[in-house]
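Student: Need coordinates for the below:
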Amino acid sequence: MSTVETGTEVTLASYTTLRLGGPAKAFAVVDNVEDLVDTVYAADRAGERLLLLGGGSNLVVADAGFDGTVLRIATSGWTVEREQAGELLVEVAAGENWDSFVAAMVEQGIGGVECLSGIPGSVGATPIQNVGAYGCEISDVVESVRCYDRATGATYPMTAADLGFAYRTSVLKGTDAGVVLSVRFRLRADGLSQPIRYAELARTLDVEVGARVPAAEARAAVLGLRAGKGMVLDAADHDTWSAGSFFTNPIIGEPEVAGVLARIGEVVGADVAVPQYPADGGVKLSAAWLIERAGFVKGHQGPGGRVSLSHKHTLALTNRGTAATADLLALAREVRDGVRTRFGVELHPEPLLIDCAL
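Tutor: Here you go, the predicted model:
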């Protein structure tokens, strides 16, 4: 059943991994699809602003909070639908904790999502931004998504092709027209991982790029790598009080690549290799590498030392315990503007900014 609280005592900082964000005008928790749809429908009928909240790992919420209803989706569970040609179709509720689901699949000898271990948040959020890490993206394993259309009141499926996946995005990102109710994944019944594509992970596992290993081994290696970068949530470690990677890796269009690389070379030296990876229509550069070469080191502090870059990874902007959202945004602007000034490359935030902006 749903529970609803009203008033300014429901502070969104309690529901985000950054531990930032002001009060919600109203707050609801739903643990079944029927209540989820009914609550969304009622808010829309009343003309009430609505913010859908999963694990809170990809949100930056304004200090003023949200002047509307915040709906926390707490649906859970999954169903293994069928096995065919060594593959399993598994449908998962949108509110299921992502890493709990990954752990359960690995424990049951099911492969396919192990390289996405340790990522905070809910299952329903993963296809929205095409979550990815260590050479794997959600688009590799999504079969379809079931959505609720807020305009028509209908429930409808979207195939992987319908979702228009690209680097850290899909057609669902940046719009609240549809509400994800469940996600169907195509996983491996043999208990082996996806092919290991990420060089650092392959080295850790001591295998060649492209090899497959037991899913449990891949999960353990990924969790170790993420923990070393402060990317596994730990209440005692302020380096994990973040939204994960704050900036996406910039993609430079093919016509601009030569000019951008030449400018970077002028700054860091023509003999320095610039990390770059193939991307649709151009190349993808490393945001962390650019941030560091622009002079922002691990632990670089923002206003009053209340926020800083993680001491373990320069892509994470962290709350040191007493921060406000305004502090975090000030640090984000400093980093973004510093990279732009030094290299002419624009960095874009990965988390959703709710009633605030860079």
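Student: which stretches of the stretch 251-358 of the chain form strands?
Tutor: 251-253, 276-279, 282-285, 307-309, 317-319, 352-354 (DSSP state E, counting those that start in this stretch).
Student: Among these, which comes closest to residue 291?
Tutor: Relative to residue 291, the nearest member of those by C-beta to C-beta is strand 307-309, separated by 7.7 Å. Bear in mind the C-beta positions are built from the backbone N, C-alpha and C, glycine included.
Student: what packs against the closest one?
Tutor: Packing partners of strand 307-309 (3 or more C-beta pairs under 8 Å, 6 or more residues apart in numbering; DSSP states H and E): strand 317-319, helix 325-343.
Student: Give me the buried stretch members for the longest one, please.
Tutor: When burial is assessed from 16 or more other C-beta atoms under 10 Å, helix 325-343 yields the following buried residues: 325, 327-332, 335-336, 338-339, 342-343.
Student: for stretch 147-166, same thing?
Tutor: 147, 148, 150, 158, 160, 163, 165.
Student: Give me the residues contacting it.
Tutor: Contacts of stretch 147-166 with the rest of the structure, by C-beta atoms under 8 Å, 6 or more residues apart in numbering, involve 36-37, 40-41, 44, 127, 130, 137-139, 142-146, 170-172, 176-181, 280.
Student: Put the buried members of the residues you listed into a ChimeraX selection.
Tutor: To isolate the buried members of the contacts of stretch 147-166 in ChimeraX, using 16+ other C-beta under 10 Å:
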select :36,37,40,127,130,137,138,139,142,143,144,145,146,170,171,172,178,179,180,181
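Student: Which of the contacts of stretch 147-166 fall within strands?
Tutor: Assigned to strands by DSSP state E, the following of those qualify: 137, 142, 143, 144, 145, 146, 178, 179, 180, 181.
Student: quick one: which of those is nearest residue 236?
Tutor: Of these, the one sitting nearest to residue 236 (C-beta to C-beta) turns out to be residue 137, at 30.6 Å.
Student: residues contacting the closest one?
Tutor: 130, 131, 165.
Student: and if we set it to 10 Å?
Tutor: 115, 116, 126, 127, 130, 131, 165, 166, 167, 168 (C-beta atoms under 10 Å, 6 or more residues apart in numbering).
Student: Report the beta-bridge partner residues of it.
Tutor: Counting by DSSP bridges, residue 137 is bridged to residue 132.
Student: what's the closest non-adjacent residue to residue 347?
Tutor: residue 247 (4.3 Å; C-beta to C-beta, 6 or more residues apart in numbering).
Student: so how many other residues sit close to that neighbour?
Tutor: For residue 247, the tally of surrounding residues (other C-beta atoms under 10 Å) stands at 23.
Student: I'd guessed it sits against residue 291; true?
Tutor: Yes: judged on C-beta atoms under 10 Å, residue 247 makes contact with residue 291 at a distance of 7.5 Å.
Student: Determine the residues that are contacts of both of these two.
Tutor: Listed contacts common to residue 247 and residue 291 are 314, 315, 335, 336, 339, 347; contacts here mean C-beta under 10 Å, 6+ apart.
Student: Neighbours of the closest residue to the second one other than its chain neighbours, how many?
Tutor: I take that to be residue 315. Excluding the flanking residues, the one nearest residue 315 by C-beta to C-beta, 6+ apart is residue 245, at 4.3 Å. The number of residues packed near residue 245 is 21, by other C-beta under 10 Å.
Student: Wait, residue 245 touches residue 168, no?
Tutor: Yes: between residue 245 and residue 168 there is a contact under C-beta under 10 Å: 9.0 Å.
Student: overlap in contacts of those two?
Tutor: Counting by C-beta under 10 Å, 6+ apart, the contacts common to residue 245 and residue 168 are residue 350.
Student: Of the helices and strands packed on strand 307-309, which is nearest residue 275?
Tutor: helix 325-343 (13.0 Å).
Student: elements contacting the closest one?
Tutor: The helices and strands touching helix 325-343, judged by 3 or more C-beta pairs under 10 Å, 6 or more residues apart in numbering; DSSP states H and E, are strand 59-61, helix 254-268, helix 287-293, strand 307-309, strand 317-319, strand 352-354.
Student: That helix versus helix 254-268: what angle between them?
Tutor: Counting by axes from the mean of the first three to the mean of the last three C-alpha atoms, to 10 degrees, helix 325-343 points 90 degrees away from the direction of helix 254-268.
Student: any idea how far helix 325-343 is from the chain center?
Tutor: Taking C-alpha atoms, centre = their mean, to the nearest Å, the mean C-alpha location of helix 325-343 is offset from the chain mean by 20 Å.
Student: Can you name the residues that contact the closest residue to residue 253 other than its chain neighbours?
Tutor: Leaving out its chain neighbours, the residue that sits closest to residue 253 by C-beta to C-beta, 6+ apart is residue 282, at 4.4 Å. By C-beta under 10 Å, 6+ apart, the contact set of residue 282 is 250, 251, 252, 253, 254, 255, 256, 257, 260, 276.
Student: again with residue 211
Tutor: 192, 193, 195, 196, 197, 202, 205.
Student: residues in contact with the fifth one?
Tutor: Counting by C-beta under 10 Å, 6+ apart, residue 197 makes contact with 115, 134, 135, 136, 140, 209, 210, 211.
Student: Torsion angles phi and psi at it?
Tutor: phi -100, psi -20 (degrees, to the nearest 10).
Student: All further residue positions should be reported with the first residue as 16.
Tutor: With 16 as the first residue, the last one maps to residue 212.
Student: What distance do you get for it to residue 347?
Tutor: 30 Å (C-beta to C-beta, to the nearest Å).
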